[in-house]
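Student: Give the three-dimensional model of this entry:
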Amino acid sequence: MRDKIKVMKNWNFLVVVLLAVAFIISPVFAATQTTKSIDISKATRAQLVQLLGVLQEQLRVLLLAKSKGQTAPPINSAAPVSVPVSQTQETTRSFLGVSVTGRAQPYLQDPLGRAIGIIPGGVGDMAYGIPDAEVNISAWGSGLQVKNPTKGIYQVSNTKCIKGEMLYFTISFASEKNMQERDVSWICSSSEPEGVGKVVYGKDMKFSFSIDPLSPNPIQMIYTVQPPVNPQSSHLGLGQSPQTQISWSAPGGNIKVYKVYARRDDYPKFDSLMETTKTNVITPHPWLYYLDESNGSRDFMKLWRYAVVSVNNSGEESPVIYTMENHIPLVTRFDASPKCGPAPLTVRFTDRSLGSPVAWSWDFDLTNTDRDSAQQNPIHVFTKEGTYTVELTVGGPQGTDTEVGVGAVEVNNKGTCSN
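Tutor: Down below sits the predicted model:
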């Protein structure tokens, strides 16, 4: 009887040990598949699979022998498996970050089809498929981070944005060799009308980008629909009530229409203002020459912000590259080319001023006695050696503004330039 009890204890001990070890190893292996919290190399994962298989086979043999009333067999040690600790830690060489400002549900898929973030079409379920990644979701902003990102094309998608709200995405990459950041914005679009107390969700939005960790410019944006080129606002006509005009250049590609969005400065969401096949529109809002901040909110209720997007035949919209206003302060800017050289030096000046000026006054030697040109983009010849300070004053209905370019042009015969 004592021998029988001893044999039973031996059986029970072996069964418990094998079950316990298998129970411990199995979740570890599962965690390496989902990568929720454990970072483990491929070699280590293979060893864990081998170890789990050996334990399962030993348990099968043990249970079979017990069912036949045989003596407990010894544990097979012919194929030992070890898990080296040194292989469970990989050096982090680079980081990829995707952040979004606004009420969003971001989802990031890597070149291998793995993903992190809020699963599209679900009820808030999370994906943790990319190894060693972090996900932070909040009401007004979210962030996704991947360590040692795989080279290739990534896709970002978002579901359940609020109609009219603008989402601001930032794609960032950092490594020991380089760093880059790209910004892109989207307006949440929907054709469904809004109602009192009704929340309208917009269309799902998607865009892609490629990552090449060894490239000087590791991030390359990929858009299904190309955005309008160089959109800008300006006033149309002069006088007390000029109109506001929005213009842009065609981006090329399959563009069906352009959609112009607008929102008043004191209102948080954009509304669709109009659709057009042209590359310029006149808005119903007058141009503001002045914006008196001391006037409280009254003037800012007249200030409008605009965004233009391209729309393809499938109804997909491009990102927003720039937003504009029906007001641009007068700011003087200019370029000179070339900025240095031997006498006589012919220099072309280009006006880069903001605010749509209508008058220009140039002084090329800062004598302040004679103005040298009233052209917008003049050409001037400097015949004597020296360093010249150039002044430009521009004027318009909103007043005047001046820029003084100290040392803007250097004339010497030495072949060296300090500017």
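Student: Give me the helices and strands touching the helix or strand where Phe207 lies, please.
Tutor: Using DSSP states H and E, Phe207 maps to strand 205-211. Packing contacts for strand 205-211, counted by 3 or more C-beta pairs under 8 Å, 6 or more residues apart in numbering; DSSP states H and E, involve strand 152-158, strand 166-175, strand 179-187, strand 219-222. Placement of C-beta: from N, CA and C, glycine included.
Student: I'd like the ones you listed laid out as CSV, including mean neighbour count, distance to Gly396 and mean pLDDT.
Tutor: Listed next are these as CSV, based on neighbours: other C-beta atoms under 10 Å; distance: least, C-beta to C-beta, whole Å; pLDDT from 0 to 100:
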stretch, mean neighbour count, distance to Gly396, mean pLDDT
strand 152-158, 18, 41, 95
strand 166-175, 19, 30, 95
strand 179-187, 17, 30, 93
strand 219-222, 14, 36, 95
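Student: Would you mind saying which of the ones you listed lies nearest Cys340?
Tutor: strand 179-187 (31.6 Å; C-beta to C-beta).
Student: what comes into contact with the closest one?
Tutor: The set of residues external to strand 179-187 that reach it, using C-beta atoms under 8 Å, 6 or more residues apart in numbering, is 158, 161, 164-173, 205, 207, 209, 217-219, 221, 261, 270, 307, 309, 317, 319-321.
Student: and if you look at stretch 260-279?
Tutor: In contact with stretch 260-279 (C-beta under 8 Å, 6+ apart) are residues 162-166, 187, 189, 228, 246-250, 257-259, 281, 283, 285, 297, 300-301, 303-309, 311, 325.
Student: swap the cut-off to 7 Å and go again
Tutor: With C-beta atoms under 7 Å, 6 or more residues apart in numbering as the test, stretch 260-279 has contacts from 164-166, 187, 246-250, 257-259, 281, 283, 297, 300-301, 303-308.
Student: Show the model's pLDDT score for Val404.
Tutor: Note on Val404: pLDDT of 92.
Student: Run through the bridge partners of Ile171.
Tutor: Beta-bridge partners for Ile171, by DSSP bridges, are Val98, Arg182.
Student: Now do Asp212 against Lys414, distance only.
Tutor: Between Asp212 and Lys414 the distance, using C-beta to C-beta, to the nearest Å, works out to 43 Å.
Student: More neighbours: which of those two?
Tutor: Higher neighbour count among Asp212 and Lys414: Asp212, with 13 against 9, using other C-beta atoms under 10 Å.
Student: next one: stretch 96-104 to chain centre, how far?
Tutor: Distance of stretch 96-104 from its chain centroid, counting by C-alpha atoms, centre = their mean, to the nearest Å, is 8 Å.
Student: Next, the buried residues of that stretch.
Tutor: Going by neighbour count (16 or more other C-beta atoms under 10 Å), the buried part of stretch 96-104 is Leu96, Gly97, Val98, Ser99, Val100, Gly102, Arg103, Ala104.
Student: Would you point out the most distant pair within those?
Tutor: Counting by C-beta to C-beta, the most remote pair of these is Leu96 and Arg103, 23.1 Å apart.
Student: Counting neighbours, what do you get for the spatially closest residue to Val331 that is not a sequence neighbour?
Tutor: Leaving out its chain neighbours, the residue that sits closest to Val331 by C-beta to C-beta, 6 or more residues apart in numbering is Leu354, at 4.3 Å. Using other C-beta under 10 Å, Leu354 has 14 other residues around it.
Student: likewise Gln226?
Tutor: Neighbour count for Gln226, taken as other C-beta under 10 Å: 17.
Student: swap in the one 10 residues further on?
Tutor: Residues lying near Leu236 (other C-beta under 10 Å) number 14.
Student: now do Met126
Tutor: Met126 has 14 neighbours, counted by other C-beta under 10 Å.
Student: Go through the helix or strand encompassing Ser233 and flag the buried ones.
Tutor: Element membership of Ser233, judged by DSSP H and E, is strand 229-236. Going by neighbour count (16+ other C-beta under 10 Å), the buried part of strand 229-236 is Pro231, Gln232, Ser233, Ser234, His235.
Student: What strands flank that strand, and is each parallel or antiparallel?
Tutor: Next to strand 229-236 in the sheet, as set by DSSP bridges, lie strand 243-249 (antiparallel).
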